[in-house]
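J.: take this sequence and fold it.
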Amino acid sequence: MDADSQAGSLRLLSLSAFSLSSFWCRLLISRLFVFPTPSFCLPFSQTVEHGFPHQPSALAFDPKLQLMAIGTKSGAIKVYGAPGVEFTGLHKDTTAVTQIHFLPGQGRLLSLLDDNTIHLWELVAGTPRDVGGVKREGVICLQEVGSYSLPGRPGIESCSATRVTVLLLLRSCDLLCIGTEGGGVYFLELPRLSLKDSQTLPDDYRCGKSLGPVESLQEHPQQSGKILIGYSRGLVVLWDLSARHAEQLFLGKQQLESLVWERSGNLFVSSHNDGGYSVWAVTNGNTYNHQPVSSTIPYGPFPCKAINKILWRTTQTGGGMPRASYGDRHCLTIQQDKDHVTLDFTSRVIDFFTLCFIPNVVCSLPFTEYDDPSALVVLLEEELVVIDLQTPGWPTLPTPYLAPLHSSAITCSFHISSVPPKLWERLVNAGRAHWPICGGKNLAPQPKQQELLLTGHEDGTVRFWDASGVALTPLYKLSTANVFHTDCDPSDDPQDPSDDPDMQQEEEWPPFRKVGCFDPYSDDPRLGIQKISLCKYSNKLVVAGTAGQVIVLGLSDERSDHLVDVSVVDLLQDREGFTWKGHDRLEPRLKPAPFPPGFQPLVLVQCLPPASVTAVALHAEWNLISFGTSHGFGLFDYHRRNAVLARCTLHPNDSLAMEGPLSRVKSLKKSLRQSFRRIRKSRVSGKKRTITTPTSKVQEANAALAEQEDVAPVQRRIEPRSADDSLSGVVRCLCFADTFLRDGTHHGPTLWAGTNSGSVYAYALEVPGVGSGRVCERGGAGESSVCVEAVLGKEIQLMHRAPVVSISVLDGRGKPLPDPYEASQDLAIAPDMTNAHSVLIASEEQLKVFSLPKVSAKTKFKLTAHEGCRVRKVALVVFGSTAQEDYSEHTLVCLTNLGDMHLFNIPALRPQVRYDCIRKEDISGIASCVFTKNGQGFYLISPSEYERFSLSAKVLTEPLCSPYLLIDVQHLPGNHNKLFKDSWWSLDPTLETTTNHFLFIMLSLGFPPARSTRLHVKPKK
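T.: Okay, here's the model as predicted:
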């Protein structure tokens, strides 16, 4: 090698080394540089779960502490008391909880899992911590303190023989009886969880016969140490624990399902798989009992399903109450004297219990000889139902928590913070009913502001929830179905069932009554709510649906019968070449319809084509609404009832936008055509790459060098999207703002719209009465005839055509503009109108701030290039300082498709902090996320549960409670009812007793399986 070539090689090596070193230095600096976490932020924390537990599998109740526990198939245990009292525990293994048993009054509970392990939980005080600038001492939490697994016997069938079938906790709470599939009964000492070998039952009384699994264990109500042992093949044994021998044997002939004692201990009831139950007498001196006192099949004589569980309660008013569920329906029958109602549920029954006043348990009142159940709590697969047993007709009680969010599938959500007191009072003017489960004490301070969470549902309803605290309480339900003619109209029924005597006879037995609000089936999917917007100051609500319907509603305290005005807006603007292939529009009612107090429709705007509404915006101060679909967007003046603007955003190749979400016929021809185009394009590009001319090599080298110079080492190269992508005309966001658009000296109303193809349209609006320092009032003289006008002011096309997720206008201080009415009524700090404004546009790939009115780029952050993720949700939130009460900062929060959250300051867009929040596989959770303005948020973790989280160091909503202390009522002066005025119990020691009667509650499949069979039952004389 000559000297020149050697020198050239050395220069090349040095340049390469320099390039490598500079690359790694830049990469190291970029990775090591960490932005300081703001003082107003906390690490992302999941605070509380709202809604109904997903897939419940077990239920228990502590009558002393008045606490209820629910176990789930995912291994979670949730304990509930009074509203706001919640404790949650999670097993280490994701295994279904099959049974839960409280140790009454101790704050402990036992759980049996599907893997045959027994776990002991305890309510204990946690470590003190600082939350929101306040030191919280020892928050009570549910912790697992021990576990036990029953050892198996030697042999092949050891696992099945020792599999636990039933648990019984003795009243002394120091011994746990365990029944197994092999017929054995074991005893576990508590709380040590150690097996007591000396108490194990001997096998001599079995006479070598297989009795089947242990189905039920029940302790004698009056004599401790005696238990009933029920085997599946029908044998029931009264066992004396102290003497260790069988005191009496009851020989049943039917397969056993459940046992329950009568209160005195002289009788017990056994339920069987033939749908019947038997009453047995416990007598002295009779070792073998072959015949029960009585046997009854409530819904015989036809073959019936098994009664899986039965309860026997004594009452002072007489009668009986059988409960049964069967085959294709899930029912509960209440019968007392001549009253007979069969409650029909829409989901499977998991378990139930009765709420009874228990003397010497809840408080120190004298012992009574009656149970007197006041309520029946039924845990269903999809909801919790509470039946009031003290009110005639046995109505259901509204639940202050555990409400089924998914009674109809959630399609959208909207959060309102700082709700004005007047609006709040009008929403809850009916008041809240008392709740019978009142255990524990809520130690959390009263919320400083009221918060609303609105959820839109598939059946066309909007539900209002009190989201101020731990308990997500239902407040109000709005239905939009009565605005339209739908398939579920009562007038569409061809015949009244009451006119048919055969149907009358079939309805009389059993007398079904629909109970519960879980109804996942929508009569018309076009009713589904897609977007919601509410103005809390003017009480105006806008809901938009799947069939292009946009309804403007106002709040009224009186019932009204009126006709809803209808306006049609054609977003295609007579464009040729497009044919709508989707669903038809909903037909509005042409006659006045009744509307209950609450939000009542004022005007219906129907978009054509009737595609699903993808964006909506409301400005109640200007009486304007804006809406967008996959075809374009429109502007409507609901005060003057006229359409102001209709803009089509369709691209010539947007054929998918004409099919609609409910179209069942997919364009097979189009998908095949696109596949062949991709194959042809890849072949052509492959052929081009095979050309190896010197010119092409030079071009490739120059292109590679240009890429290295232009793209930073930590950024990914983003390819621009094609302009003819399908659904490019979908309107993703809409925004009203009072800002500078035409020039830098005059500001006025504007409308901003962003689409799926990265296009942003900005319209200058001429609103009568706005611009001269005042806003027109409804019905103002000389202004009702003047129409709102819209003129296109700016049109922005983002470089990579990424979908626009959010648009926000910032004032001269870089702060978001206040909501309508806030500035004009001095409800918020007035925006800075002296300095230049800017607009923040968030696309799926980057965040960018443009100056106004020139629309020149000021700053940007390429999120996709830096992090490799795409933006899904964006919100501007206010973080308050814990150190300084009057200090706060506005921050941009964005959620990506990877489930992480990024915080940026505005308007500089400097990254503040990044959190891993939602699993990237949880697509529905990411799509359902909604942020609050104070740094909290909600997202769905199951169809029936919202997870609440917080990013703020000052605002944190989490359970802060303790078990309720027992009260000695007997030493309190005055009327007992005054003390318990907020509880369910009616405590009156002067109450006179009457004759003892019985109340039966049975869980079974006790009806005939065939629905078409008509039962003609004659009453017994």
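J.: which residues does the one residue sitting closest to the centre of the chain bridge with?
T.: With distances taken as Cα atoms, centre = their mean, residue 945 lies nearest the centre of the chain, 3.0 Å away. Beta bridges link residue 945 to residue 51, residue 942, judged by DSSP bridges.
J.: so for residue 82, what's the nearest residue that isn't a sequence neighbour?
T.: residue 438 (4.8 Å; Cβ to Cβ, 6 or more residues apart in numbering). C-beta here means a position set from N, CA and C on the backbone, and glycine is covered the same way.
J.: burial measure for that neighbour, as a count.
T.: When neighbours are defined as other Cβ atoms under 10 Å, residue 438 has 21 of them.
J.: so it sits against residue 66, correct?
T.: Yes. Between residue 438 and residue 66 there is a contact under Cβ atoms under 8 Å: 5.4 Å.
J.: element containing residue 590?
T.: Under the criterion DSSP states H and E, no helix or strand holds residue 590.
J.: and residue 476, by the same measure?
T.: In this assignment (DSSP H and E), residue 476 forms part of strand 473-479.
J.: likewise residue 541?
T.: Counting by DSSP H and E, residue 541 is found in strand 540-545.
J.: now do that strand, average pLDDT.
T.: Per-residue pLDDT over strand 540-545 has a mean of 97.
J.: in that strand, what's buried?
T.: By neighbour count with 16 or more other Cβ atoms under 10 Å, strand 540-545 contains the buried residues 540-545.
J.: mind listing the strands for the stretch 901-1021 of the chain?
T.: Per DSSP state E, counting those that start in this stretch, the stretch 901-1021 of the chain carries strands over the ranges 911-916, 930-931, 936-942, 945-952, 961-962, 997-1004.
J.: check which helices and strands the fourth one sits against.
T.: Applying 3 or more Cβ pairs under 8 Å, 6 or more residues apart in numbering; DSSP states H and E, one finds that strand 945-952 makes contact with strand 41-51, strand 871-880, strand 936-942.
J.: now stretch 913-926: buried residues?
T.: In stretch 913-926, counting by 16+ other Cβ under 10 Å, buried: 913, 915, 917-918, 925-926.
J.: ok, now stretch 161-176?
T.: Going by 16+ other Cβ under 10 Å, stretch 161-176 has these buried residues: 161-162, 164-170, 175-176.
J.: any regions of the stretch 251-400 of the chain where pLDDT drops low?
T.: Residues of the stretch 251-400 of the chain meeting the criterion pLDDT under 70: 303, 315-328, 335, 337, 357-369.
J.: swap in 50 and give it another go.
T.: Low-confidence segments of the stretch 251-400 of the chain (pLDDT under 50): 316-326, 359-367.
J.: what does the stretch 851-1000 of the chain give?
T.: The model of the stretch 851-1000 of the chain has pLDDT under 50 over residues 965-996.
J.: which residues of it fall in helices?
T.: In the stretch 851-1000 of the chain, the segments counted as helices under DSSP state H, counting those that start in this stretch are 863-867, 923-927, 976-979.
J.: need the ones you listed in a markdown table (columns: distance to residue 148).
T.: Output for the helices of the stretch 851-1000 of the chain, formatted as a markdown table (distance: least, Cβ to Cβ, whole Å):
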| stretch | distance to residue 148 |
| --- | --- |
| helix 863-867 | 47 |
| helix 923-927 | 36 |
| helix 976-979 | 41 |
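J.: quickly note the distance from the residue nearest to residue 390 when sequence neighbours are not counted to residue 384.
T.: Among residues not flanking residue 390 along the chain, residue 374 sits closest, at 5.3 Å (Cβ to Cβ, 6+ apart). Using Cβ to Cβ, to the nearest Å, one gets 16 Å for the distance from residue 374 to residue 384.
J.: the two: who's more crowded?
T.: Neighbour tally, residue 374 and residue 384, criterion other Cβ under 10 Å: the higher count belongs to residue 384, 23 against 17.
J.: need phi/psi at the closest residue to the more buried one other than its chain neighbours.
T.: Distance criterion Cβ to Cβ, 6+ apart; nearest residue to residue 384, sequence neighbours excluded, is residue 402 at 4.7 Å. Backbone torsions of residue 402, given as degrees, to the nearest 10, read phi 60, psi 20.
J.: residue 402 against residue 385, yeah?
T.: No. Applying Cβ under 8 Å, one finds residue 402 not in contact with residue 385, separated by 10.1 Å.
J.: report the buried residues of stretch 861-873.
T.: Residues of stretch 861-873 classed as buried: 861-867, 869-873 (neighbour count, 16+ other Cβ under 10 Å).
J.: now tabulate these in a markdown table and tack on distance to residue 617.
T.: Shown next, in a markdown table, are these (distance: Cβ to Cβ, whole Å):
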| residue | distance to residue 617 |
| --- | --- |
| 861 | 25 |
| 862 | 27 |
| 863 | 24 |
| 864 | 26 |
| 865 | 30 |
| 866 | 30 |
| 867 | 29 |
| 869 | 27 |
| 870 | 23 |
| 871 | 19 |
| 872 | 19 |
| 873 | 17 |
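J.: so which pair among those residues is furthest apart in space?
T.: Farthest pair in those (Cβ to Cβ) is 865 and 873. Separation: 19.6 Å.
J.: okay, and the beta partners of residue 463?
T.: Taking DSSP bridges as the rule, residue 463 bridges to residue 455, residue 477.
J.: what's the distance between the residue nearest to residue 384 and residue 56?
T.: In this view, residue 402 and residue 56 are 10 Å apart by Cβ to Cβ.
J.: ok so, going back, got the confidence number for the residue nearest to residue 82?
T.: Taking residue 438 on its own, its pLDDT is 87.
J.: low-confidence ranges, the stretch 501-650 of the chain, go.
T.: 501-506.
J.: ok, 80 please
T.: For the stretch 501-650 of the chain, the stretches with pLDDT under 80 are 501-511, 522-523, 574-577.
J.: for it, what spans make up the helices?
T.: 501-508.
J.: residues in contact with the residue lying closest to residue 888 once chain neighbours are set aside?
T.: Nearest non-adjacent residue to residue 888, counting by Cβ to Cβ, 6+ apart: residue 880, 4.7 Å away. With contacts defined as Cβ atoms under 8 Å, 6 or more residues apart in numbering, the neighbours of residue 880 are 40, 887-888, 934, 952, 954-955.
J.: which of the residues you listed count as buried?
T.: Buried residues within the contacts of residue 880, counting neighbours by 16+ other Cβ under 10 Å: 40, 934, 952, 954-955.
J.: of all these, which two lie farthest apart?
T.: Based on Cβ to Cβ, the longest span within the buried ones among the contacts of residue 880 runs between 40 and 934 and measures 10.8 Å.
J.: which residues are contacting the strand holding residue 541?
T.: 456, 460, 462, 478, 480, 526-535, 550-555, 586, 599, 612-613, 616, 618, 620, 625, 627.
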